[in-house]
Structure formats: structure tokens, C-alpha cells
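> Structure for this input, please:
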Amino acid sequence: MNKEIKETMKHGLLELANSIKWVFFAIIVGAAVGLCGTLFSILLMYATDMRMQYPWLILLLPVGGLVIVGLYQLLHDQNDTGTNLVISAIHSGDHLPFRMAPLIFLSTLITHLLGGSAGREGAALQMGGSLGNTLGRIFRFDEKDRHVMIMCGMSAAFSALFGTPMAAAIFSLEVVSVGVMYYVALVPCVISSLVARGIADAFGVANEMFLITVIPKFSVLTAVKISVLAVLCALVSIIFCIVLHKTEEAYRHFFKNPYLRVAAGGCIVVLLTALVGKQTYNGTGIAIIEQCIDGTVRPEAFLLKMLFTALTLGAGYKGGEIVPTFFTGAAFGCLFGNLFGFSPTLCTAVGMSSMFCGVTNCPITSLLISFELFGYDGMPYFLLAIAFSYMLSGYFGLYRSQKIMYSKFKTNYINRFTD
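Numbers count the residues shown, from 1 in each chain. Prediction:
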């Protein structure tokens, strides 16, 4: 009996020591990545403001693309697969180099300064994952513990930039292997996320939040309307993923040389921008999302944002896909609401969360991010829409290294990569 008590006490002390260790290192990761993420966010804001002040900068987009490719060639990272590499490093143990952090930092700034259509959170995930892995190496963590450090870095960077610490903490646990969550990283990711957001707040980086003033009463009829929107958003999310992947494949097929590829892509984006007449679909498009919340959007906006983003990222420019996903979902949701006379503001919010779920296959994160962006009053609408979007978006996804562990339609173990 005494032996059992001693073993129990020993086990308890080891667990306590392990918990203290992860609290300590989660704070370090959160602080380090939070500072980098905050600087990244501030510089992105300045880059966007400068582009809006000097619209002619977009003419330099092809030149900026050549600089980006040159940087990756110079540091022998021309085969970089971006966020896919970060996800792959967690479940497959692929090498995640430190140079990914400064490369994606500089390249994303160039893309946004010169008018490429891209987001920022995908870049943040790469930067955070790379920094987290590097800290794990510095402190001589084993491979499994470095995976936790990568997830901490991803959560911290996402939280610092977008201001959604709940969603950020869960996203890195959920996105790697759909159907299996790495709960061992829950406490470290939560702490890193909160620390990073606290640092961003201290430096005045505003969190994204959109106000929905009037939410229709939840009823059978409104539930049916939102379900129809969710089904359509699932279809749009599939189209978005296909367009992104096929555009990249087309670029690689027609332009074997990466310098020629990125220059051609830059010229195409510049030409399309000239045809549109203004830079509505360049950069992240947060301002257009705000217009959608107010109920105003052009019918073709969601299609054009998909096209601009695919042409930018497929050519080799750097950035993220998440904010363009929000833009697409917001524009499509607002259009749906206007066409069917059902609260364009609510439909915009539901469109954003449904699209995010459809392209990332992360329903829990999608629900949390909808609460943090729009509040809790629309909960039944978000809950219903995200469920439908997750089920009907199939096995498509933004990240090809993401694994679907269990079927969306049966309790079957399938262990397959997304399409």
C-alpha cells in the first residue's frame, strides 16, 4: 500500500513539474511570437496605408515578386510549401527551418505593399510555427514536445494578428488532423494565445470585431434560410479550394521558371486591377467586409476576390488565405441576404464563419471565431450553419498536408489528405 502511495505521489509530482514546464515555455512562446506578430501587424497596416495613399505602387508588383523569389532562392528555400509545411511538421515530423519566419515576414509585407491579394493569418501561422519550433530546438526539446511548441507558436501568432484568442488557441489543435485533436497542447496553446493577445493589446493593435445590431428571431423559417445559405457556402468553399489549387498548378505548368511565373502573375493582377478600376480586391479587403456588414456589396465581389487571391498566391506571392476566405464568405452571404430579403448583416456573418469552416475543416474553431467576431446573440444561426458547412464541404481544404482522420459521413477511420 505504501509503495502504491509513493508511486502515486511520484507520478503526481512529475505531472506537476510537466505542467509548470509548459506554463513557463508557453509564456515564452507567447511573448516572443506576440512581439513578432505585433510588429508584423503594425507594419502590414503601414504597408496597406501606403499602398492606398500611392495607388501607383501596384505597378511594381511584378518587381516585388521577383524580389520575393530571389529571397527564397538566396536562402535555398525555393521549395517552401508555406502553411502546409508547418502542419506537416506536426504530424509527420518534417523539418521546419527558422528561416521561414523572416522570409514569410518580409515577403508578405512586399505582397501587401505592392497590391497582391492575400491575407495575413496564413503568414502568421508560418511565422509562429517556425519560431515555436526554433525555441524548442534551443531548449533541446524532443520531437514530440517541439510539435507542441509549433502549435503554441501558431496559436500565439493567430491571436496577436486577428484578436481572437479562443479561436486561435483551438485552431492549431484542430487543423492538423481533422477528427483528432492534440489535447496535450491545450493548456500551452491557451496560455500562448492569451499572452500574445495581451502584448498586441498593449501596443494598440486592435482586434477585429463586427457589430450586428439586429438579429432576427430564430424560427423554423429562419433556420431553413440559414441552412440554405450554409449549403451554398459549402459549395463556394469547395470552389475556392479548387480555384486556389488549380491556379497554382496552371502557373507551374505554363511557367516552369519561378521568376517568370511570379512576374507573369504580377502582371495579370495589375491588368485585372486596371480593368476593375480600383483596388477593391487587392490586399486583405477588410474594408469591404465592413461594407458587407452594412449590407452593401457588388454581386460579383466574392468571385473576383477568389480570382485575385488565386492569381496572387498561385504565382508565388506570399500571404494567407484566411482573410480572403472571410471576404469571399462575407460578400456571398451579403449577396444571399439581399437577394432573399433576409438580414444581409446576419448572412454576412454566417457566410464568413461557414466559409472559414468549409475551407479549414475546423468546426469548433469556426464557432469560436464567430462568437469573438460577432458576439453570442447569433449563436443558433452560427451553430447550424457551421454544422452544415463542415459536413457538406467534403474533403477539400486550403492545406493539402491537412489530414482527415475520420469520415464526415460515417464513423469510419479514413486517414486521408484533403483534396
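> hey, where'd the helices end up in the stretch 201-350 of the chain?
Using DSSP state H, counting those that start in this stretch, the helices of the stretch 201-350 of the chain run over 220-254, 258-276, 286-293, 301-315, 322-340, 344-360.
> winner for burial among those?
Across the helices of the stretch 201-350 of the chain, the average number of neighbours (mean count of other Cβ atoms under 10 Å) peaks for helix 344-360, which reaches a mean of 30. C-beta coordinates here come from the backbone N, C-alpha and C atoms, glycine included.
> tell me the angle it makes with helix 322-340.
140 degrees (axes from the mean of the first three to the mean of the last three Cα atoms, to 10 degrees).
> Need the residues that contact stretch 409-419.
Here stretch 409-419 makes contact (Cβ atoms under 8 Å, 6 or more residues apart in numbering) with 241, 245, 361, 391, 394-397, 399-407.
> 10 Å - rerun?
By Cβ atoms under 10 Å, 6 or more residues apart in numbering, the surrounding residues in contact with stretch 409-419 are 84, 88, 177-180, 238, 241-242, 245, 359-361, 391-408.
> can you check stretch 20-30 too?
34, 37, 128, 131-132, 135-136, 138-139, 141, 145, 148-157, 159-160, 184-199.
> Can you point out the buried residues in that stretch?
Using 16 or more other Cβ atoms under 10 Å as the test for burial, stretch 20-30 gives 22, 25-30.
> Which of these fall in helices?
Taking DSSP state H, the ones among the buried residues of stretch 20-30 that sit in helices are 22, 25-30.
> Just give me the closest of the residues you listed to residue 55.
When those are compared for distance to residue 55 (Cβ to Cβ), residue 30 wins out at 37.6 Å.
> where's the closest one relative to residue 399, distance?
23 Å (Cβ to Cβ, to the nearest Å).
> ok, then the element right after the helix or strand bottoming out on mean pLDDT in the chain?
One helix or strand of the chain scores below all others by mean pLDDT, DSSP states H and E: helix 83-91, with a mean of 77. Counting by DSSP states H and E, the element after helix 83-91 in chain order, helix or strand, is helix 100-113.
> That following helix vs helix 301-315, what angle?
Following the same axes, to 10 degrees, one obtains 130 degrees for the angle between helix 100-113 and helix 301-315.
> In helices only, show me the contacts of stretch 20-30.
Among the contacts of stretch 20-30, DSSP H puts 34, 37, 128, 131-132, 135-136, 138, 145, 148-157, 159-160, 186-199 in helices.
> Can you select the buried ones from the contacts of stretch 20-30 in PyMOL?
In PyMOL, this line selects whichever of the contacts of stretch 20-30 come out buried by 16+ other Cβ under 10 Å:
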select buried, resi 34+37+128+131+132+135+136+141+145+148+149+150+151+152+153+154+155+156+157+159+160+184+185+186+187+188+189+190+191+192+193+194+195+196+197+199
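> Identify the residue spatially nearest to residue 40, adjacent ones excluded.
With sequence-adjacent residues excluded and distances taken as Cβ to Cβ, 6 or more residues apart in numbering, residue 40 is closest to residue 105, at 6.0 Å.
> Surely residue 416 is within a helix?
No - read with DSSP: H, G, I helix; E, B strand; the rest coil, residue 416 is strand and lies in no helix.
> Against residue 362, how distant is the residue nearest in space to the middle of the chain?
The centroid of the chain falls nearest to residue 322 when counting by Cα atoms, centre = their mean (3.9 Å). According to Cβ to Cβ, residue 322 stands 11 Å off from residue 362.
> averaged over its residues, what pLDDT does stretch 119-127 have?
Across stretch 119-127, the average pLDDT comes to 83.
> Surely residue 322 is in contact with residue 119?
Yes - between residue 322 and residue 119 there is a contact under Cβ atoms under 10 Å: 4.9 Å.
> overlap in contacts of those two?
Between them, residue 322 and residue 119 share these contacting residues under Cβ under 10 Å, 6+ apart: 161-162, 284.
> Just give the number of residues close to the nearest residue to residue 174 once chain neighbours are set aside.
Excluding its sequence neighbours, the residue lying closest to residue 174 (Cβ to Cβ, 6+ apart) is residue 362, at 4.5 Å. Applying other Cβ atoms under 10 Å, we find 27 residues neighbouring residue 362.
> Do I have it right that the residue nearest to residue 40 meets residue 33?
No - in this structure residue 105 lies outside contact range of residue 33 using Cβ under 10 Å: 11.8 Å.
> What is the neighbour count of the residue nearest to residue 40?
Number of residues near residue 105 (other Cβ under 10 Å) recorded here: 21.
> Kindly report the same for the one 5 residues further on.
The burial metric for residue 110, expressed as a neighbour count using other Cβ under 10 Å, is 21.
> give the contact list for it.
By Cβ under 10 Å, 6+ apart, the neighbours of residue 110 are 47, 60-61, 63-65, 67-68, 71, 116, 317-319.
> just residue 257 next, same as before
Applying Cβ under 10 Å, 6+ apart, we find residue 257 in contact with 69, 263-264.
> ok, back up a step: report all helices and strands that the least confident helix or strand of the chain contacts.
helix 100-113, helix 121-138, helix 143-162, helix 165-174, strand 177-178, strand 403-406 (3 or more Cβ pairs under 10 Å, 6 or more residues apart in numbering; DSSP states H and E).
> and the third one, how far from the chain's centre?
In this case it means helix 143-162. Counting by Cα atoms, centre = their mean, to the nearest Å, helix 143-162 is centred 13 Å from the centre of its parent chain.
> Report the angle between that helix and helix 121-138.
Angle of helix 143-162 versus helix 121-138, following the same axes, to 10 degrees, is 140 degrees.
> I'd like to know the average pLDDT value across helix 143-162.
On average, helix 143-162 scores 91.
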